[in-house]
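Asker: give me the fold of what follows.
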Amino acid sequence: MTYASLLVAIDDGAESDSRLELACDLATAFDALLIGLSVGSSAPPLYDPMAGGGMVGELVGLYRDMATADVERARVRFAGAAAARALETEWRGGVGDPSGFCARAARASDLVILGGRNPRAPDQAPGVADVLMDCGRPVLVTPPARLRSPLGHPALVAWKDGREARRALAGALPLLRRASAVTLFSVCSPAENATADGELAEVVRYLARHQIAAEPLIALADQRPAGRRILDEALARDAGLIVAGGYGHARLREWALGGVTRDLIADSPLCLVLAH
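Answerer: Predicted coordinates:
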């Protein structure tokens, strides 16, 4: 299994440049098509339409022009970085809802690469929660300052048996095959511990059939948050990647992430592969 196509979101700032560099590294490693994406939002700040009078239409046009210019600058940066690596590329750019646009564009990719703590999301850049819940693809979430590459370093799989963890594991197989070591890590209650050994043993055998050697590790739950336990274990192993199920629920018209998923995105200096 490999990644034949990757989708990376591009916007302004040093974090975006670091994300683009990683996407180019992955496209080179997997000989994959790299699809760049940038979506500008033309929505102006809140204003009183009665006070705006005839200027309302001009304001809307102005913000749309600014959004279009932002997208074009992102396209130029993407093209320059990809050309330096001689990568095969495609471009998706537009003005509208960034998260919805990105989720739809994911149909052409095996892996979506997003910034996890992007101050421009969700109004000016894709938001992780909305894309993760809607795109139907694994999402590689990058931190603002990446501690290590997800390639060639240990990886930690945070296992909680269920659809989300299974999809995340399957979506991360190409990266796990390139990890220097893989730990299958489960934080469970004493009641769950009775079945955890058997579950992890099955997953270890599954990974072995994909030529991935994994070490199972079970930790009993305590007062510490599970997200912190996962992150501490990954850091102790000098990991470059955490793989976990992406949990969330609908809240009004937006998706709200579950506690462990939210904590990992908020605190991790490592790349995360999440799936819902």
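Asker: for Pro269, give its distance to Leu62.
Answerer: 38 Å (C-beta to C-beta, to the nearest Å). Any C-beta I mention is one placed from the backbone N, CA and C, and that applies to glycine too.
Asker: next: Pro122.
Answerer: 22 Å.
Asker: C-terminal to the host helix or strand of Glu15, what's the next element?
Answerer: Element membership for Glu15 (DSSP states H and E) is helix 14-30. Note on helix 14-30: by DSSP H and E, the next helix or strand toward the C-terminus is strand 33-40.
Asker: the stretch 151-276 of the chain: strands as residue ranges?
Answerer: Along the stretch 151-276 of the chain, counting by DSSP state E, counting those that start in this stretch, strands occupy 155-158, 182-188, 214-220, 241-245, 248-251, 254-257, 271-275.
Asker: now the helix holding Glu15, how far from the centre of its chain.
Answerer: 13 Å (C-alpha atoms, centre = their mean, to the nearest Å).
Asker: can I get it in PDB, CA atoms only?
Answerer: Provided in PDB are the C-alpha atoms of helix 14-30 (Å, rounded to 0.1, in the frame of the first residue of the first chain):
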ATOM      1  CA  ALA A  14       5.700  30.200   8.300                       C
ATOM      2  CA  GLU A  15       3.500  27.200   9.500                       C
ATOM      3  CA  SER A  16       2.100  26.900   6.000                       C
ATOM      4  CA  ASP A  17       5.600  26.900   4.500                       C
ATOM      5  CA  SER A  18       6.700  24.100   6.900                       C
ATOM      6  CA  ARG A  19       3.600  22.100   6.000                       C
ATOM      7  CA  LEU A  20       4.300  22.500   2.300                       C
ATOM      8  CA  GLU A  21       7.900  21.400   2.800                       C
ATOM      9  CA  LEU A  22       6.700  18.300   4.600                       C
ATOM     10  CA  ALA A  23       4.100  17.600   1.800                       C
ATOM     11  CA  CYS A  24       6.900  17.800  -0.700                       C
ATOM     12  CA  ASP A  25       9.000  15.400   1.300                       C
ATOM     13  CA  LEU A  26       6.100  12.900   1.400                       C
ATOM     14  CA  ALA A  27       5.300  13.300  -2.300                       C
ATOM     15  CA  THR A  28       9.000  12.600  -3.100                       C
ATOM     16  CA  ALA A  29       9.100   9.600  -0.700                       C
ATOM     17  CA  PHE A  30       5.900   8.000  -2.100                       C
END
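Asker: higher neighbour count, Pro122 and Leu62?
Answerer: Pro122 (19 against 13; other C-beta atoms under 10 Å).
Asker: my guess is that one contacts Pro98. True?
Answerer: Yes. The criterion here is C-beta atoms under 8 Å, and Pro122 meets it with Pro98 at 6.5 Å.
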